[in-house]
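K.L.:
After the sequence you'll find the predicted model.
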Amino acid sequence: MPYEWLPPSGAETRLHLWPYRSLSQRGFVWFIGGTAALIGLPLVAVLGSPVLWGLLPFLVSAVAAIWFALRRSYRDTEILEELTLTPTRMTLTRHGPRGQRHDWEANPYWVRVTLHATGGKVPNYVTLSGGPRVVEIGAFLSEDERKTLSDDLSRALRDLPPV
């Protein structure tokens, strides 16, 4: 699961959520290296001829485009959502790509976790309401993960000790 409940510290419970990445940094290096090797393999037949210099810029630009696209994908998924839950306050902080930060705060007594099976931005859209506005949480998770998250959040709110 690309989210985890951190060990509680006192009365504070924390949850971290992040997007799933199917390609690790090590896998990225292997993929780019393999792609460059496979694209460069046909160049062996034209070594020493002027055709090499005609093909080389296109092959290098293809590898560079793949590298750029994968790096851009990594930057766009640099998201971390932090939920802090205490008996008197619930805080959601979303650290987005390129340094964006959004905060939301409410009294957990009034917070309601809602799972929208349809009609949201994504299927099984999870929202928190009870503060000044309704916020989404875990929109980057899969459908099943959002269902589990909704159940986990509802249980965590239900199990809060009384004030």
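P.N.:
Done, it's in.
K.L.:
how far away is residue 37 from residue 115?
P.N.:
Going from residue 37 to residue 115 by C-beta to C-beta, to the nearest Å gives 47 Å. In this view, the C-beta of every residue, glycine as well, is placed from N, C-alpha and C.
K.L.:
Just want to know which of the two has more residues nearby.
P.N.:
More crowded of residue 37 and residue 115, by other C-beta atoms under 10 Å: residue 115, with 16 against 10.
K.L.:
and the nearest residue to that one once chain neighbours are set aside, how many residues sit next to it?
P.N.:
Of all residues not flanking residue 115 in the chain, residue 150 sits nearest, at 4.2 Å (C-beta to C-beta, 6 or more residues apart in numbering). By the criterion of other C-beta under 10 Å, residue 150 has 20 neighbours.
K.L.:
mind listing what residue 150 touches?
P.N.:
113-115, 124, 126 (C-beta atoms under 8 Å, 6 or more residues apart in numbering).
K.L.:
mind checking the SS state of it?
P.N.:
helix (DSSP: H, G, I helix; E, B strand; the rest coil).
K.L.:
now do residue 81
P.N.:
Following three-state DSSP, we place residue 81 in the strand state.
K.L.:
Apart from its chain neighbours, what residue comes closest to it?
P.N.:
Here the residue nearest residue 81, using C-beta to C-beta, 6+ apart, is residue 17, at 4.2 Å.
K.L.:
Next, give phi and psi for that neighbour.
P.N.:
phi -130, psi 140 (degrees, to the nearest 10).
K.L.:
likewise the one 5 residues further on?
P.N.:
According to degrees, to the nearest 10, the main-chain angles of residue 22 amount to phi -80, psi -20.
K.L.:
Can you give me the neighbour number for it?
P.N.:
By the criterion of other C-beta under 10 Å, residue 22 has 5 neighbours.
K.L.:
who's in contact with it?
P.N.:
By C-beta under 8 Å, 6+ apart, residue 22 has no neighbours at all.
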